[in-house]
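Visitor: no sequence on this one, just coordinates:
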């Protein structure tokens, strides 16, 4: 069932015209950045988007440039079907990883420990 739903969602997202996608991405970014919890956060976790997903690349790059937040991204571990978190310092450090998702290579990962999380 999960696979069917995922395929259906991908099909729908692929049909969104580029100008609509750009407009929606901009709206989502503005709403997120106006949200008080986001504004006040010291650490933010972003997924690194793929082509047909809500674009997070501009958000990530913008906050890395501003240096106003610690940017964290997930790292996939297909063998164990788990995720871990890593601090991201430079967007250009990202490389294609499992599932064609941009990730940090092993030597660039900075693990985020629970001690650093502020809730």
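Guide: Great, that's in hand. In this text the structure is predicted, and so the values were computed from the model without any measurement.
Visitor: Could I get the contacting residues of the residue nearest the centre of the chain?
Guide: Geometric centre of the chain, nearest residue: residue 47, 1.9 Å, by Cα atoms, centre = their mean. Residue 47 makes contact with 53, 56, 73-74 under the criterion Cβ atoms under 8 Å, 6 or more residues apart in numbering. C-beta: built from backbone N, CA, C; applies to glycine.
Visitor: would you say residue 7 is within a helix?
Guide: Yes - assessed by DSSP: H, G, I helix; E, B strand; the rest coil, residue 7 belongs to a helix.
Visitor: what about it, distance to residue 13?
Guide: In this view, residue 7 and residue 13 are 11 Å apart by Cβ to Cβ, to the nearest Å.
Visitor: Equivalent analysis for residue 44, please.
Guide: 23 Å.
Visitor: quick one: which of the two has more around it?
Guide: residue 44 (17 against 14; other Cβ atoms under 10 Å).
Visitor: Beta-bridge partners for the more buried one, please?
Guide: Counting by DSSP bridges, residue 44 forms beta bridges with residue 71.
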